[in-house]
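Trainee: sequence plus the predicted model coming up.
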Number of protein chains: 2
Amino acid sequence: MKRILSLNAFDPNAATTQAGAIASRLQRRAKLFGAGSVLFYRQPLEFVRGQGCWLFDAQGTPYLDAYNNVLSVGHCHPHVVEAATRQLGLLNINSRYLHPGIIDYAERLLATLPTAGSSPRLSNIVFTCTGSESNDLALRLADRYTGARGVIVTQAAYHGNTALVSQVSPSSHRHWQAPEHVRVVPAPLGGARDFATHVQAAIDDLARSGLALSALIIDSIFSSDGVCADPTGFLRAAIEAVHRHNGLFIADEVQPGFGRTGSHWWGFQRHGVEPDIVTMGKPMGNGYPIGAVVTRPEILKSYCDDVGYFNTFGASPVTAAVGQAVLDVIEREQLIDNALRVGAYLREGMRKLAGRHASIIEVRGAGLYVGVQMKSAGDTTAGTIINAMRDRRILIGAAGRHGDVLKVRPPLCFGSSHADNLLSALDEVLTQMDASFT
Amino acid sequence: MKRILSLNAFDPNAATTQAGAIASRLQRRAKLFGAGSVLFYRQPLEFVRGQGCWLFDAQGTPYLDAYNNVLSVGHCHPHVVEAATRQLGLLNINSRYLHPGIIDYAERLLATLPTAGSSPRLSNIVFTCTGSESNDLALRLADRYTGARGVIVTQAAYHGNTALVSQVSPSSHRHWQAPEHVRVVPAPLGGARDFATHVQAAIDDLARSGLALSALIIDSIFSSDGVCADPTGFLRAAIEAVHRHNGLFIADEVQPGFGRTGSHWWGFQRHGVEPDIVTMGKPMGNGYPIGAVVTRPEILKSYCDDVGYFNTFGASPVTAAVGQAVLDVIEREQLIDNALRVGAYLREGMRKLAGRHASIIEVRGAGLYVGVQMKSAGDTTAGTIINAMRDRRILIGAAGRHGDVLKVRPPLCFGSSHADNLLSALDEVLTQMDASFT
């Protein structure tokens, strides 16, 4: 499969029209980062300041950020910065010493998760530093608890960058071949009703190879697959199949979590399902590296009975202070409601554009996670649009197995006037493209 | 093998004499963290503030920290806190946008590494968030570059917490069985001269199983094995054997790096060897989650040709600002020299104690990484000492395959008066123990 980034990456071998200082930094960076140096855009951008939904370059030119979901409550939110600053100056130490902060934070965070039944369910938490570390641990918890190895993922999934997690992240490989214990299912882009059928077929196929099911790991907004949100509830039958075969459902909430989908704290809640393991990352610390795994006590215990998992930076007093501040802002500024309202407004606007521009096939999403399925006119439609939007100082990205979906996921403080900016710029870009196609 | 922590961990099932508020937090924490909740000390400690080499509990009682090497330039160093604060308020974004800060930091950091020959050597860097992520990537780079799978580690090694790295971290498992592709060698505790012989034997043993050598991964201070530092240069013959068999040498500098061993920036330099890959973590951001992998361009390229490694939080402008501030402090406060001088003073004092207390067998170490080999009188000598030192408000730890080595690795601003405190408390503890044994 093709790596999505290639649609939207700076090519260091291509001629650049960048000015002197930037050209020099591009060279120094290429020398330092080598083959690992990837930059967005055919003409890369350099920012020096961020605030709310805005990024500013060295000349003070503002760019509207409709892409970066890590800074979920807004770039450099003063309440989060203040909390980090205060705690960094007081104490920053590992969690093998007691500290009240992390206990308070863990309780508050777990309270955002649904509790069902009377037995303890999603009541244990392990803090990590990244979503990758979270998914790496989650897959091991599932293997240990089920005694099985089979894992099911979607075709263009991305769950992180560790060795184990890369095995279940087709989208980060140029030439991905499923490891023996991994099966892929198509993301429910066309017919969501078929999703459970595909999951069942993958379980059966694992069984034919003598492999029992350990876990289905799903990002419930299917972000790198190209954003699939509707109809709500379509995940339920798939999860039931997983549970019937004694597998676990790992909800990777790194993308849809912390209110982004607009109706709930967590993406899986839109589907009325309860995961066995929930993983968290990116927006959790609004840029400060925080991740977590939440699960049932018996699942954690089966792993910890043999392996002493410890994460040096996870669960520090700074983790707690920053994490609490992020929750404060989500609540005080009613960002979940905002995601719902502005997300609906943005999709409605996109659909109007679809009526005027044949290059838009479908608009999908929930809350402030929006995917716009473009017609495939060569490989470069989405890449061209993204770069044209960049030239209009608006940041969006691409997703999907063929890189043909525009990915729009701004900070949750994105307002309807920001949406208007984005929509009118996109209208211009599409109009120009329509003209060049006729 | 036995997990070292069990010597020095709070047992939630044991009766506690902790006061009400702490007892309540212990209960809440146990409920939240479940089987993953591990606390130091039979009577856990709760701190609320840190400064330099000191930690303070809620009553303001100071504890001398001779254990925590993450806060390597001192708890809450104002220069580092100020740098973090400034940058968190300006911009904190991923590295797919250009930013001058990370380029400057990467150049300065790479300049601390030795450069040999005329071809580019350790000149490429990949930023991560943790030492675990660094070692996870390093092992993959080695596999891809060599096309081989065999890995050699020491008997009680600890290289991190991801799935891949746990496979080469015997010390984090209760019942560790070497995976098919992993061989262990004894740490050079007794005869350093034999180390290369053991490594060669492991290479031969891999070959007998049809496995070629990918990498020897070594923490050059052998921290969790019980601290082995001398004679300098003993690693050389082992590395030569590795290179003769086309394997790579991964220097895990998470423990010995950033000047801790007193004579150089990097632990491997004491041995006059050059690694193929260097991994960094813990002290890099003085508590802020920063890690890195440094390697030769061709090694990084062979991996990135197929896999798009990206680390969301790694290489942010905050990484750069904090990392730079840590280097500033190491240089301005001459902490490498301090580690050398105070480390020598501390070991000299330990050796005097050894002359008076038969329970000390040997004092080992370099700079401010000190291991004190205790006589095994039952399993609990080291555990008893650590807890008795805690009661005297001094923090140290345990290491070694049998947990019979005292591990002393204070912040690098540790002075000779701090060393005097520690030595006199240890003298008291050992005197009491001597009395109870006769």
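Mentor: Thanks, I have the structure now.

Trainee: isn't A:N94 right up against B:N68?
Mentor: Yes: between A:N94 and B:N68 there is a contact under CB atoms under 8 Å: 7.4 Å. The C-beta positions use only the backbone N, C-alpha and C, and glycine is treated the same way.

Trainee: between the two, tell me which one has more neighbours.
Mentor: Neighbours were counted for A:N94 and for B:N68 using other CB atoms under 10 Å in any protein chain shown; B:N68 has more, 24 against 20.

Trainee: so what's that one up against?
Mentor: A:I93, A:N94, B:H75, B:L395, B:R409, B:P410, B:P411 (CB atoms under 8 Å, 6 or more residues apart in numbering or on different chains).

Trainee: same thing but 7 Å
Mentor: Contact analysis of B:N68 by CB atoms under 7 Å, 6 or more residues apart in numbering or on different chains lists A:I93, B:P411.

Trainee: in what helix or strand does it lie?
Mentor: Assigned by DSSP states H and E, B:N68 falls within no helix or strand.

Trainee: ok, the nearest residue to A:W176 once chain neighbours are set aside to A:N94 distance?
Mentor: The shortest distance from A:W176 to any non-neighbouring residue, by CB to CB, 6 or more residues apart in numbering or on different chains, is to A:P170 (4.4 Å). A:P170 sits 35 Å away from A:N94, going by CB to CB, to the nearest Å.

Trainee: low pLDDT regions in chain A?
Mentor: For chain A, the stretches with pLDDT under 70 are A:1-8, A:12-19, A:116-120, A:377-380, A:437-438.

Trainee: centroid residue for it?
Mentor: Geometric centre of chain A, nearest residue: A:Q255, 2.5 Å, by CA atoms, centre = their mean.

Trainee: isn't that one up against A:I221?
Mentor: Yes: counting by CB atoms under 7 Å, A:I221 is a contact partner of A:Q255 at 5.6 Å.

Trainee: list the buried residues in the helix or strand that A:M389 is a member of.
Mentor: Using DSSP H and E, A:M389 maps to helix A:381-391. Across helix A:381-391, burial judged by 16 or more other CB atoms under 10 Å in any protein chain shown covers A:T381, A:A382, A:G383, A:T384, A:I385, A:I386, A:N387, A:A388, A:M389, A:R390.

Trainee: hang on, the fifth one packs against A:L406?
Mentor: Yes: contact between A:I385 and A:L406 holds when scored by CB under 7 Å: they sit 6.3 Å apart.

Trainee: from A:A142, how far out is A:P170?
Mentor: 19 Å.

Trainee: more neighbours: the two, which one.
Mentor: Using other CB under 10 Å as the criterion, A:P170 and A:A142 rank with A:A142 on top: 27 against 24.

Trainee: which ones are touching the more buried one?
Mentor: Taking CB under 7 Å, 6+ apart as the criterion, A:A142 is in contact with A:S214, A:A215, A:L248, A:I250, A:I277.

Trainee: now, those residues that are in helices?
Mentor: Using DSSP state H, no member of the contacts of A:A142 falls in helices.

Trainee: in TSV: those, plus distance to chain B and neighbour count.
Mentor: Listed next are the contacts of A:A142 as TSV, based on distance: CB to the nearest CB, whole Å; neighbours: other CB atoms under 10 Å in any protein chain shown:
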residue	distance to chain B	neighbour count
A:S214	13	27
A:A215	13	27
A:L248	16	26
A:I250	14	30
A:I277	13	26
